[in-house]
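Chemist: Here's my sequence, what's the structure:
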Amino acid sequence: MCSDPASILIVLHDFSLGGTERIAARLAAAWAKKGARITVFAGSGNGPLGVLAGDDVEVVIADPPIPRAIGSRRRLARAARAFVAKRRFDGVFVPGNFHWPVAAALAKRGVPVVAQVSAALDKPQRGRVRQWAFEMRMRRLLRRVDAIVALSDVARDQANRILRRSLATTIALPALPDDVAPPQPVPDTQPPIVLAAGRLVPEKGFSRLIEAFATLPECAARLVIVGDGPEAEGLRQQIHALGIADRTELAGYVTDIRPWLDAARLLVLASDFEGFPAVVIEALAAGRPVIATDCTPATRLLDTPGAGMVVPLRDGAALASAIETILAQTPANPITLAALVAHHRIGAVAVAYLTLFEGLQG
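Modeler: Residues are numbered from 1 along each chain as shown. A predicted model of the protein is given here:
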């Protein structure tokens, strides 16, 4: 890149509890650790994830702050454009589909812009008309960026098809720290724990998972759901209505899911759609198999025998059957499962991004 340390700007709306924000904060800290000068420009300081960036990252909050609201992404894009006009950067990172309007505002402003694809690009649930509209919007917002990072080869190929040029490259999701703990043996807990995790919103499928779990024999397992969100009270009522409160727990938000994975027999991802969920990688890194709906390219990680199962979308009976099947199997070697996701450690991912930025300097 330059003889001086690379100077990279990351633009975020805020530091809310989202996968995009978590990835961006982790990358900021990793890039700074490798000697880059990192600045995060945020619309507001709301949310708990800012601490993940660490003390070596400069955080600048828009003045006046821009909280999330209708039209706030356009205001964030204008504020970021004004900020870039005053400061010199070697590159700008715009994380996640949510921030694409910022990428459009900053592209071709004298600094390379790298936009990230974080969520599914092709969703059957959209239907043909809405999918067409999504692709037109993506083409409009990203047509002038310098590079696009996808989290899987599937998303890379979809992005290149939509944009009608080879602009996207694949860089693994930085879901794991470099010092991630080795997997622990599968516990002999009785009943075994079936774990699920994520924001408690309808598209995550927790209601369907609870309904499926209620059909299992009473002594088969204990269901623990980690996370918080607007559906929490409704899920709690559903659990009581189904009479499974004695074997189902809503554990709330936790800062570290690893202790829960160590205690679990398996993880279930019941979502309607996902980009490339970190929780699947974290579960495999902990040596735990995953049952996932066919909602994400990450399910390809489950092709290895013993790594888990993929079930159809919105099929509660298939979820219940898969849980019973995995519980009846002899657990796979946890070390073998962890090896499947070793390339998701943040050190190697951070270097891949820095190499990409370096290649964009012209």
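Chemist: So which residues of the stretch 251-362 of the chain form strands?
Modeler: Under the criterion DSSP state E, counting those that start in this stretch, the stretch 251-362 of the chain contains strands at 266-269, 290-293, 308-311.
Chemist: can you put those in CSV and add mean neighbour count and mean pLDDT?
Modeler: For the C-beta atoms, the positions are set from N, CA and C on the backbone; glycine is no exception. Shown next, in CSV, are the strands of the stretch 251-362 of the chain (neighbours: other CB atoms under 10 Å; pLDDT from 0 to 100):
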stretch, mean neighbour count, mean pLDDT
strand 266-269, 27, 98
strand 290-293, 26, 97
strand 308-311, 22, 97
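Chemist: got CSV for these, with distance to residue 275 too?
Modeler: Below are those laid out as CSV (distance: least, CB to CB, whole Å):
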stretch, distance to residue 275
strand 266-269, 12
strand 290-293, 13
strand 308-311, 16
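Chemist: Hmm, residue 8 is touching residue 31, no?
Modeler: Yes - if you go by CB atoms under 8 Å, residue 8 and residue 31 touch, sitting 6.1 Å apart.
Chemist: Overlap of the contact sets of these two?
Modeler: Contact with both residue 8 and residue 31 is made by residues residue 38, according to CB atoms under 8 Å, 6 or more residues apart in numbering.
Chemist: burial count for the closest residue to residue 185 other than its chain neighbours?
Modeler: Nearest non-adjacent residue to residue 185, counting by CB to CB, 6 or more residues apart in numbering: residue 334, 6.6 Å away. For residue 334, the neighbour count with other CB atoms under 10 Å is 21.
Chemist: Next, find the distance separating residue 334 from residue 348.
Modeler: With distances taken as CB to CB, to the nearest Å, residue 334 is found 22 Å from residue 348.
Chemist: pLDDT weak spots in the stretch 151-300 of the chain?
Modeler: Judged against pLDDT under 70, the stretch 151-300 of the chain has no low-scoring part.
Chemist: residue boundaries of the helices in it?
Modeler: Under the criterion DSSP state H, counting those that start in this stretch, helices of the stretch 151-300 of the chain are mapped to 153-163, 206-213, 232-241, 258-263, 278-285.
Chemist: Return the most buried member of those helices.
Modeler: helix 278-285 (a mean of 26; mean count of other CB atoms under 10 Å).
Chemist: which residues sit against that one?
Modeler: With contact meaning CB under 8 Å, 6+ apart, helix 278-285 is reached by 19, 22-23, 173, 175-176, 180, 183, 195, 197-198, 257-258, 261, 266-267, 269, 289-290, 292, 296, 298-299, 301, 307, 337-338, 340-341, 344.
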